[in-house]
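Asker: my questions concern the predicted model and sequence given below.
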Amino acid sequence: MRSLYKIIHTTCHTSWGGLEKRIFNEAVWMDKQGHRITLVAPENTPLFQRAKAHGFRVYAISFSRTGLISDYRALVRIFNNELPDIVNTHGNTDAKIALPAAKKAGIPCRILSRHISAHVRNSWYNRRLYKYLSHYVFTTADYTTRYLQTMFKLKGTQIFSIPSGILAPETLIPRDEARKNLAIELGCGPETRFVGFVGRLSRDKGVTTLLQAFRQIQSRINHHLVLVGNGPDEYRNQLMEMAQKLGICDRTHFIGFKDDVWPFYRALDCKILASENINGIPFEGVPQALLEAMYCSCPVIGSKTGGIPDIIQHGITGLLFDPKDAATLAKLLVETLHREAATLERVYTARKKVRQFHTIDAMGRDIIRIYRLHQIKLGKR
């Protein structure tokens, strides 16, 4: 291995969310430091197309369950041709074939990244993946690290919590200007104020809890509720029907996907992430959407699940509530909007911590430190 590394990232995922943003932002940062980046991913996906447009070397592999053997052989060929120093997998399906292929090709550093907090089955093959085929496991949340460390008996030198670092714009639009622009876009009065959600519209994000909480306090606040993000059409339609039944549709706005979400964080008086456990098991890692909102000096409220408590310290950087507890969320939302001094103090502390610990530079430096420690180990051997 060298001081400048050849790194191959693999992923089977096909959407454009926090996981894919993490891969792309990390790759761009590493590229700027002089490292050489290659991506292996399904073709015609947002991440593949962005990586290709950026100038990264890309290989198209579908990672379909019916093509595991052919995909494995293709990966061995890619690794033998590229001779990377590091292979980093980012999904369940690609990890199962890319890690064995990387070992077959003799890649000196193999990393399995686990972006979500969902539990992993303690099967013989997962034990092989996490304990023997990968040199390191990267997670985005302390909860996930503790769980995997216990499940697979991993040493502290094998697994690391590395939350996604945000790639912030050079400048941020003034908050009042962002709010007025959003009011114009939605056809609202110029003095309208907003609270909302930015992210993927899916059941695990707890959007129904947010709608229920907003219904409970709509008579006590003057704000409109904004939901920024895409999701399955069927689920989105269910949410819209729910807003109609709750009598809040005239003050609830489904905006859809936006490539540039920074102005929305600046326009909101509070960003809420009400993520839920799935079958009693946490799913959420450390959400980039919360870190981005905190960087934008937007007050945040989150549920106590997965990696959310890693970054929201209740009463210090934001407010926390139990998943599905709409009544408490409603109470905390009113508190955030009406107790301005306490809210501003939390906002200041949150932004300071994000700038210190959760930028793309901080994340990149942590990863490079692990690369170099591994390089030292190889040298000693």
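Answerer: Nice, I can see it.

Asker: ok, Gly196 - contacts?
Answerer: Applying CB atoms under 8 Å, 6 or more residues apart in numbering, we find Gly196 in contact with 225-228, 264, 268, 270-272. C-beta: built from backbone N, CA, C; applies to glycine.

Asker: specify which member of those is nearest to His338.
Answerer: Closest approach between the contacts of Gly196 and His338, by CB to CB: Cys270, at 11.2 Å.

Asker: let's verify the closest one: helix, strand, or coil?
Answerer: Three-state call for Cys270 (DSSP: H, G, I helix; E, B strand; the rest coil): strand.

Asker: do Leu112 as well
Answerer: Assignment for Leu112 (three-state DSSP): strand.

Asker: need the contacts of Gly196 in CSV with neighbour count, pLDDT and distance to Ala178, can you?
Answerer: What follows is these, written out as CSV (neighbours: other CB atoms under 10 Å; pLDDT from 0 to 100; distance: CB to CB, whole Å):
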residue, neighbour count, pLDDT, distance to Ala178
Leu225, 24, 98, 17
Val226, 22, 98, 12
Leu227, 23, 98, 17
Val228, 23, 97, 13
Phe264, 25, 97, 8
Leu268, 28, 98, 9
Cys270, 22, 98, 14
Lys271, 26, 98, 13
Ile272, 30, 98, 18
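
Asker: can you add distance to Thr139 and give the residues you listed back as JSON lines?
Answerer: Shown next, in JSON lines, are the contacts of Gly196 (distance: CB to CB, whole Å):
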{"residue": "Leu225", "distance to Thr139": "32"}
{"residue": "Val226", "distance to Thr139": "31"}
{"residue": "Leu227", "distance to Thr139": "28"}
{"residue": "Val228", "distance to Thr139": "27"}
{"residue": "Phe264", "distance to Thr139": "28"}
{"residue": "Leu268", "distance to Thr139": "28"}
{"residue": "Cys270", "distance to Thr139": "28"}
{"residue": "Lys271", "distance to Thr139": "23"}
{"residue": "Ile272", "distance to Thr139": "24"}
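
Asker: what's the closest of the residues you listed to Phe48?
Answerer: Val228 (24.0 Å).

Asker: these two touch, right, that closest one and Lys258?
Answerer: Yes - between Val228 and Lys258 there is a contact under CB atoms under 8 Å: 5.6 Å.

Asker: name the residues contacting each of the two.
Answerer: Common neighbours of Val228 and Lys258 (CB under 8 Å, 6+ apart) are Phe264.

Asker: quick one: contacts for the closest residue to Thr11 other than its chain neighbours?
Answerer: Nearest-residue entry for Thr11: His90, 4.1 Å, with adjacent residues in sequence omitted and distances by CB to CB, 6 or more residues apart in numbering. Applying CB under 8 Å, 6+ apart, we find His90 in contact with 9-11, 13, 19, 22-23, 113, 115.

Asker: return the subset of the residues you listed lying in strands.
Answerer: When DSSP state E defines the strands, the subset of these inside them is 9-10, 113.

Asker: redo those residues as TSV? Include distance to Ala293, neighbour count and pLDDT.
Answerer: Below are these laid out as TSV (distance: CB to CB, whole Å; neighbours: other CB atoms under 10 Å; pLDDT from 0 to 100):
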residue	distance to Ala293	neighbour count	pLDDT
His9	26	28	98
Thr10	30	29	98
Ser113	23	23	97
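
Asker: mind listing what Lys353 touches?
Answerer: Listed by CB under 8 Å, 6+ apart, the contact set of Lys353 reads 294, 311, 317.

Asker: of those - the most surrounded one?
Answerer: Using other CB atoms under 10 Å as the neighbour test, those are led by Met294, with 28 neighbours.

Asker: okay but that residue is in contact with Tyr348, surely?
Answerer: No - using CB under 8 Å as the test, Met294 is too far from Tyr348 to be in contact (10.4 Å).

Asker: show me the shaky parts of the protein.
Answerer: 1-2, 380-381 (pLDDT under 70).

Asker: burial of Ser62, as a residue count?
Answerer: Using other CB under 10 Å, Ser62 has 16 other residues around it.

Asker: and which of the ones in strands among the contacts of His90 is nearest to Arg146?
Answerer: Ser113 (16.7 Å).

Asker: roughly how far does that closest one sit from Asp94?
Answerer: In this structure, Ser113 and Asp94 are 10 Å apart, going by CB to CB, to the nearest Å.

Asker: ok, the ones in strands among the contacts of His90 vs Ser134, which is closest?
Answerer: For these, the nearest to Ser134 is Ser113 (9.4 Å; CB to CB).

Asker: enumerate every residue touching that closest one.
Answerer: Contacts of Ser113 by CB under 8 Å, 6+ apart are 88-90, 137-139.

Asker: domain assignment for the chain?
Answerer: Domain assignment for the chain by automatic domain parsing gives 6-166+359-380, 175-357.

Asker: how distant is the last one from the center of its chain?
Answerer: If you compare the mean C-alpha spot of domain 175-357 with that of the full chain, they lie 16 Å apart, counting by CA atoms, centre = their mean, to the nearest Å.

Asker: start and end of it, how far apart?
Answerer: Domain 175-357 has its terminal residues 24 Å apart, counting by CA to CA, to the nearest Å.

Asker: correct me, but Leu291 touches Ser164?
Answerer: Yes - between Leu291 and Ser164 there is a contact under CB under 8 Å: 7.4 Å.

Asker: where do the helices sit along the stretch 251-381 of the chain?
Answerer: In the stretch 251-381 of the chain, the segments counted as helices under DSSP state H, counting those that start in this stretch are 262-267, 288-295, 308-311, 326-338, 340-357, 360-380.
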